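> okay, sequence plus prediction incoming.
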Amino acid sequence: MEPMLARGSVPSPGPVIVLVAGEASGDLLGADLILSLKRHFPHARFVGIGGERMIAAGLQSIVPMERLSVMGLVEVLGRIQELFDIRARVRDYCLNNRPAALIGIDSPDFNLGLERQVRDSGIPTVHYVSPSVWAWRRGRLKGIAKAVDLMLTLLPFEASIYRDHGIPVRFVGHPMADQIPQEPDQHAARQALELSEAGQVVALLPGSRGSEVAGLGPLFLETAEWLARAMTEAPTFVIPCINRQRRQQLETMIRDNAAWQALDVKLVDGQSRTVMTAADTVLLASGTAALEAALLKRPMVVAYRVNALTFWIASRLVYVEHVALPNLLAPEPVVPEFLQEDAAAEALGEALQTRLTAPETIEHERAIFSDIHHQLRRNASDRAAETVAALIRGDPLPQDLEDT
C-alpha cells in the first residue's frame, strides 16, 4: 500500500526534503545524496518518489518509482494522465507541507515541469543531473531557468553553459568516477568470469535494448569474426547480457551462423563492468558505457547505427562533433567513432586490433582516461549535499576553482 501523507502533517524536528527519481540510475544517485544530506541535517525527513535504494536510505515514497519508469513515445502517451496525476500529487504535497527544498533527480521531462510549479510557490528547487543541453535542444535552458534555483552537473563543461544563462550551478563530479577505483583489478575480474589470464579478451556491448542488439549484434559479431581471422591468436569475446531476453536474442543470433558458432564467445548475465574490467579492449554502442569504459582505463571503439531518417534529423539538431563522452571530456578525440555506413566490420576490426597490439596507442589512451577519472572524481554525493545544504540555509553556494 502506498504511504498516505496527510495535509499539514506534524513537522519533523529537522527540515523536510522532497526528492523525485524516476529511474534506477536516479535511485542510486538519490540514495547516496540522502545519506550525505543526513550529515548536514541529522533529523531531516525525506519524502518523494524513489526506488528500493532511496527507501532503504530513509525516503518515504509517495508512489512506487516504477510508475515513472516509462520509455518510448507510445508508452508515455498511454500513461500520460497517470503521470500528470502523480506530478500533481507531489506538487500538492509540496504546496501543503512547504518542504525546505524539492530535488528532481534526472528524468527531466517529468521533473522540470514539477520543479517549475513548485518554485512558483516560493519553494527552493534543485535539479540533479543536467539534461544534455550541450548536445541538443538548447532552447530548454529558458524553461530550466524558470524551474530551478540550482543545477548540479556531473560533467565539468556543462556548468559553463548554465552560468552563461544566469542559472546557479555547481559541477559536483560523476558518482561513477567515485565508485570505480583508479586501478581496476583485471586479474580479479577475469577470475570472477573464469577467463584465462594468458589470452586477450575483447568485450562486446551492443546495447541493452532489443532493437539495439538486433541492429548492432550482427555487426559486432561480424567484427569479432574479422578480428579472429586477422589475429595470430584469436581473442576471447565476452558479451554481457542485461537480461534473459537479450541473452536468448544473442544465443539465437550465434546459433544461426556457423562462422559465429566457431568463435570463442562467452555470454555473461549482467556484470557489464566486470566484463569491461576483464577485457583488453571494448567495442560498444555510444552511451554511458563509453564513459564507464574510460574510467576503467579500457581502450575502446564506439559504433552506432540508427534508422537513416532518424540519423538525418539528429545530425541537424545536435551541437557536438562527437558522440562518445570521453571525446568530449578529453583534450583531443581518442576514441574512434564509427557511425552509420562507416560502422563496418573491417573498419571496427582494424581499430580494435590497434588497441590490442600497439603499446603506444594503448598507453596514450589509458593516460588520457586516467586524467578524465581525476577530473570527474570529486565525491559527487558529498559535494551535491553540501551545495543543497547551503541553498536550504540561505548561505552562499560553495565554489571551487574549476567552477569559475
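Noted; the coordinates are in hand. Residues are numbered from 1 along each chain as shown.
> so which elements touch the strand or helix carrying Q60?
Assignment of secondary structure by DSSP states H and E places Q60 within strand 59-61. The elements that strand 59-61 packs onto, with contact taken as 3 or more Cβ pairs under 8 Å, 6 or more residues apart in numbering; DSSP states H and E, are strand 45-49. Bear in mind the C-beta positions are built from the backbone N, C-alpha and C, glycine included.
> C-terminal to the helix or strand of the chain with the lowest mean pLDDT, what's the next element?
Taking mean pLDDT, DSSP states H and E as the measure, helix 73-78 is the helix or strand of the chain with the lowest mean score, a mean of 48. Proceeding C-terminally, helix 73-78 gives way to helix 80-97 as the next helix or strand, assigned by DSSP H and E.
> hmm, T153 is touching A159, no?
Yes - taking Cβ atoms under 8 Å as the definition, T153 is a contact partner of A159 at 5.2 Å.
> shared neighbours of the two, which are they?
When contacts are counted by Cβ atoms under 8 Å, 6 or more residues apart in numbering, the set common to T153 and A159 consists of V169, R170, F171.
> my read: the second one touches P398, true?
To tie it back to what came earlier, the one meant is R170. Yes - at 6.8 Å, R170 and P398 qualify as touching, with contact defined as Cβ under 8 Å.
> quick one: what helix or strand has P181 in it?
With secondary structure defined by DSSP H and E, P181 is part of neither a helix nor a strand.
> what of A384?
Secondary-structure element containing A384, defined by DSSP H and E: helix 380-393.
> chain center to that helix: distance?
Its chain's C-alpha centre and that of helix 380-393 lie 21 Å apart, by Cα atoms, centre = their mean, to the nearest Å.
> please name the nearest non-neighbouring residue to P108.
Spatial nearest neighbour of P108, chain neighbours left out: P131 (4.3 Å); criterion: Cβ to Cβ, 6 or more residues apart in numbering.
> list the contacts for the one you found?
Shown here is P131, whose contacts under the criterion Cβ under 8 Å, 6+ apart are P108, L112, R137, R140, I144.
> from these, which has minimum pLDDT?
Lowest model confidence among those falls on R137, which carries 61.
> show me where this protein has strands.
Using DSSP state E, the strands of the chain run over residues 16-21, 45-49, 59-61, 101-105, 125-128, 150-153, 169-171, 201-205, 236-241, 265-269, 281-284, 300-304, 337-339.
> can you put these in TSV and add mean pLDDT, mean neighbour count and distance to D185?
TSV is the format used below for the strands of the chain (pLDDT from 0 to 100; neighbours: other Cβ atoms under 10 Å; distance: least, Cβ to Cβ, whole Å):
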stretch	mean pLDDT	mean neighbour count	distance to D185
strand 16-21	97	28	30
strand 45-49	97	26	35
strand 59-61	95	20	33
strand 101-105	97	27	30
strand 125-128	98	26	30
strand 150-153	97	26	30
strand 169-171	96	24	29
strand 201-205	98	26	14
strand 236-241	97	24	16
strand 265-269	97	16	17
strand 281-284	97	27	17
strand 300-304	93	26	19
strand 337-339	91	18	29
